[in-house]
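Novice: Could you look at this predicted model? Sequence included:
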Amino acid sequence: MIRLLVLMSATLVALYAVMSVYGAGDPRAQRQQTASPSPRSAAQDAGARDLIARPEGRTPPATTGAAPAPGNKDADAPSAAPEVVSVATQTPERVQQFPGPALRPSPEYAGQEQQAVAAPPPGAQGPILYVTGSSVNFRAGPSTGDRVIGALGQGAAVEALGPTDGAWVNIRDTSGRTGYMSGQFLTSNAPN
């Protein structure tokens, strides 16, 4: 046990000796000396980076007479405001690099064709609505958990069998099938 204590204290003394010989004094004092004398705002810092990274031949961004940051020693000099760039020009357009295979109908609906822009269902008595989505399922009940009866293409005319202002609308298609479709994919405006 005593040997362990002696070994630990000898290690600490050796470490202290190495640090005092090779160390550069007080690192905190050195860090405080190299730090900027006054705090800078993020906008000022961004403006400084812009000045450093600007290619030759480019004009500097316009400066404004904005009020200097509190505690800034250069109170008389106007601060350089960075150029404001719209979000649309900064955000790159998303490009799908690896598109998947072409969509195919599931085997249970392989024989059914999607309906194009069609006339209203025969004998329609309710309001006529038109499908706005490219391929929208209509179901046996008013939820996504219900069985899919079929899919209707954009512009397909359907008859509303109930209220048209709800989240789900009870409809009948031109084939006489009845079901429910989400109200967000239906409109009373006829397609062009």
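Specialist: Received the coordinates, thanks.
Novice: mind pulling up the phi and psi values for S182?
Specialist: Here is the backbone geometry of S182 (degrees, to the nearest 10): phi -60, psi 130.
Novice: need the contact list for the closest residue to it other than its chain neighbours.
Specialist: Counting by C-beta to C-beta, 6 or more residues apart in numbering, W168 is the residue found nearest to S182 once chain neighbours are left out, at 6.1 Å. Any C-beta I mention is one placed from the backbone N, CA and C, and that applies to glycine too. Neighbouring residues of W168 by C-beta atoms under 8 Å, 6 or more residues apart in numbering: 142-143, 180-183.
Novice: Show the pLDDT at A35.
Specialist: On pLDDT, A35 comes in at 55.
Novice: whoops, I mixed them up, D173
Specialist: Looking at D173, its pLDDT reads 88.
Novice: Check the spacing between it and S188 real quick.
Specialist: D173 sits 16 Å away from S188, going by C-beta to C-beta, to the nearest Å.
Novice: ok, now Q90?
Specialist: 40 Å.
Novice: Between the two, which is the more surrounded one?
Specialist: For Q90 and S188, the more surrounded residue by other C-beta atoms under 10 Å is S188, and the numbers stand at 10 against 7.
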